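Trainee: Output the structure for:
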Amino acid sequence: MSLILLVLGITYSLSGMAHWIKTMVAPPPISVIKQPAQLGLIQESPNVKEQPTRFLGQVRKVAYITFDDGPSKYTGQLLDIMNQYDAKATFFMVGENLDHYPEAVKRLVNEGNYPGLHSMTHSYKKLYKSGSSDNFLNEFKEVQKKVEALIGYTPHLIRAPYGSSPQIGEAFRGDIAAAGFKMWDWTTDSLDWDLPGQPNKIISRIRRGVHRDIEVILMHERKQTVDALPQILKLLKAKGYEFEVYNPNEHVVVNFSHDPRL
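Mentor: The predicted structure follows:
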């Protein structure tokens, strides 16, 4: 009888340990959601597959380069460097800057980059202090119309200034999804905005930060980023990453809440 109880106890302990290990592993994987052929809202029952994909048995590593706060006087330089490395990027643009650099917006789209949206004002107070999604959505709808007027089609991918957490809760996210937007945060933050004149520190941060099979790398349109970008692209290639631009027809879910609606 004692032997039976001992065996049962060991079995139960191993079962409990297996459950504990499963619940303590990495957060949910980034997924790709197949979109309709046309730009627009996601289908109600999308086909979801887990990343990464495999090619000839090898895991495919993908880096999405993203630049915030443009367009700016640095947009053209960033594009020149990206072209040298046969890479494309997703540019999250602020509405107040569009009137100053309309040709930069047209160029980045014509060269195969994606025009993301980053609000009209980038003002924390205007976007979040009310606690309601109204001001946030109004700003993104306004910048969306301004970009559409420049490029001839409607982009739907947004990035919330300062990131989506903690200021954007579940109901807020639901309002964003209901308005037809998708939202990206990031997986690796370069902190380039806080490192003027220190491109080597930006490069080091990215070198230390990237390790996932899919990386969405946050950078900004700054002089120090222009200086660091060639080495960043080289190190990513050396680590086996391929460069991809956002594709609305194969939406990759990358938000801090792992919300599949966005």
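Trainee: Look up how far Lys141 lies from the residue positioned nearest the centre of the chain.
Mentor: Centroid-nearest residue in the chain, with CA atoms, centre = their mean: Trp184, separated by 3.9 Å. As for Trp184, its distance to Lys141 is 18 Å (criterion: CB to CB, to the nearest Å). Every residue, glycine included, has its C-beta placed from N, CA and C.
Trainee: cool, and Ser123?
Mentor: The gap separating Ser123 from Lys141 is 16 Å, by CB to CB.
Trainee: before we move on, what about Val226?
Mentor: 31 Å.
Trainee: and if you look at Gly163?
Mentor: Gly163 sits at a distance of 20 Å from Lys141 (criterion: CB to CB).
Trainee: does Phe172 sit in a helix or strand, and which one?
Mentor: Per DSSP states H and E, Phe172 falls inside helix 170-178.
Trainee: And that helix, how far out from the chain middle?
Mentor: With CA atoms, centre = their mean, to the nearest Å as the basis, helix 170-178 stands 18 Å off its chain's centre.
Trainee: the helices in the chain, which residues?
Mentor: 2-24, 75-84, 95-98, 102-110, 124-128, 134-151, 170-178, 199-209, 223-238 (DSSP state H).
Trainee: Neighbouring strands of the longest strand seen in the chain in the sheet, and parallel or not?
Mentor: For the chain, the longest strand by residue count, based on DSSP state E, is strand 61-70. Applying DSSP bridges to the sheet, strand 61-70 is found paired with strand 89-93 (parallel), strand 214-220 (parallel), strand 241-243 (parallel).
Trainee: among these, which is the most enclosed?
Mentor: Here the criterion is mean neighbour count by mean count of other CB atoms under 10 Å, and of those the winner is strand 89-93, at a mean of 27.
Trainee: Flag the shaky bits of the stretch 1-150 of the chain, pLDDT-wise.
Mentor: By pLDDT under 70, the low-scoring segments of the stretch 1-150 of the chain are 1-57.
Trainee: how far away is Ile168 from Gly70?
Mentor: Shown here: Ile168 relative to Gly70, a distance of 22 Å by CB to CB.
Trainee: likewise Glu103?
Mentor: For Glu103, the distance to Gly70 (CB to CB) stands at 12 Å.
Trainee: who has more neighbours, these two?
Mentor: Shown here are Glu103 and Gly70; by other CB atoms under 10 Å, Gly70 has more neighbours (24 against 11).
Trainee: can you pull the contacts of that one?
Mentor: Contact partners of Gly70, counting by CB atoms under 8 Å, 6 or more residues apart in numbering, are Phe91, Phe92, Met93, Val94, Asn97, Tyr101, Ala104, Glu221.
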